[in-house]
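In: Curious how this folds, go ahead:
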Amino acid sequence: MTTFDLDEYVYGALRGGACGFLLKDSGPTLLAEAVRAAAAGDSLVSPSVTVRLLRHLTEEPRPTAAPRPAPPAEPLTDRELDVVRLVALGRTNAEIAAELYVSLSTVKTHLSSVQLKISARNRVEIAAWAWQNGYARPDP
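Out: Now for the predicted structure:
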């Protein structure tokens, strides 16, 4: 939680493994939701930051930008890609389970497998990877 609404702080925090990013003016309700999300293994980013973050992730790379991450050594299964897409669209594990007609533990298993395959530390990094690699479209 910070008062600094600066993109470089957001990117640095999320790349450093933060499970969310809130501005201090977000209010107590959003803070409580963020704590619950973190406790459940989910993440929450301030709505005012989310649009900028997603825009940044989907921009065409500038010539001086770092190269895109290498594809995973082991390809993701179709079902893992379904889970990744829904994570990138902000769905909770319970919502993913309901939408894909699978159990909550199956969703968690897929997320663990994806984390290993793409070397992500948390679901925020999974979502970032999905946006960077074009898997975050609402209905492919």
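In: Going by C-alpha atoms from here, please, whenever you check contacts or count neighbours.
Out: Fine.
In: Which other helices and strands does the helix or strand hosting Glu80 contact?
Out: Assigned by DSSP states H and E, Glu80 belongs to helix 78-88. Counting contacts by 3 or more CA pairs under 8 Å, 6 or more residues apart in numbering; DSSP states H and E, helix 78-88 is packed against helix 93-100, helix 104-118, helix 123-132.
In: Next up, phi/psi of Leu44, please.
Out: The phi and psi values for Leu44, taken as degrees, to the nearest 10, are phi -150, psi 130.
In: wait, doesn't it sit right on Ala32?
Out: No. Applying CA atoms under 8 Å, one finds Leu44 not in contact with Ala32, separated by 10.5 Å.
In: Show me which of these two is the more surrounded one.
Out: Between Leu44 and Ala32, Leu44 has the larger neighbour count (other CA atoms under 10 Å), namely 21 against 11.
In: check contacts around that one.
Out: 19-22, 33-34, 37-38 (CA atoms under 8 Å, 6 or more residues apart in numbering).
In: repeat that for 10 Å
Out: By CA atoms under 10 Å, 6 or more residues apart in numbering, the contact set of Leu44 is 18-22, 30-31, 33-38, 50, 90, 124.
In: for it, which residues make a bridge with it?
Out: Leu44 has these beta-bridge partners by DSSP bridges: Gly20.
In: Relative to Val87, how far out is it?
Out: For Leu44, the distance to Val87 (CA to CA, to the nearest Å) stands at 12 Å.
In: Need the overlap of contacts for these two.
Out: Val124.
In: picking up where we left off before, compare the helices and strands packed on helix 78-88 and give me the one nearest Tyr9.
Out: Closest to Tyr9 of the helices and strands packed on helix 78-88, according to CA to CA: helix 123-132, at 14.9 Å.
In: So which elements touch that closest one?
Out: Counting contacts by 3 or more CA pairs under 10 Å, 6 or more residues apart in numbering; DSSP states H and E, helix 123-132 is packed against helix 7-15, helix 47-58, helix 78-88, helix 104-118.
In: Off-centre distance for that helix?
Out: 4 Å (CA atoms, centre = their mean, to the nearest Å).
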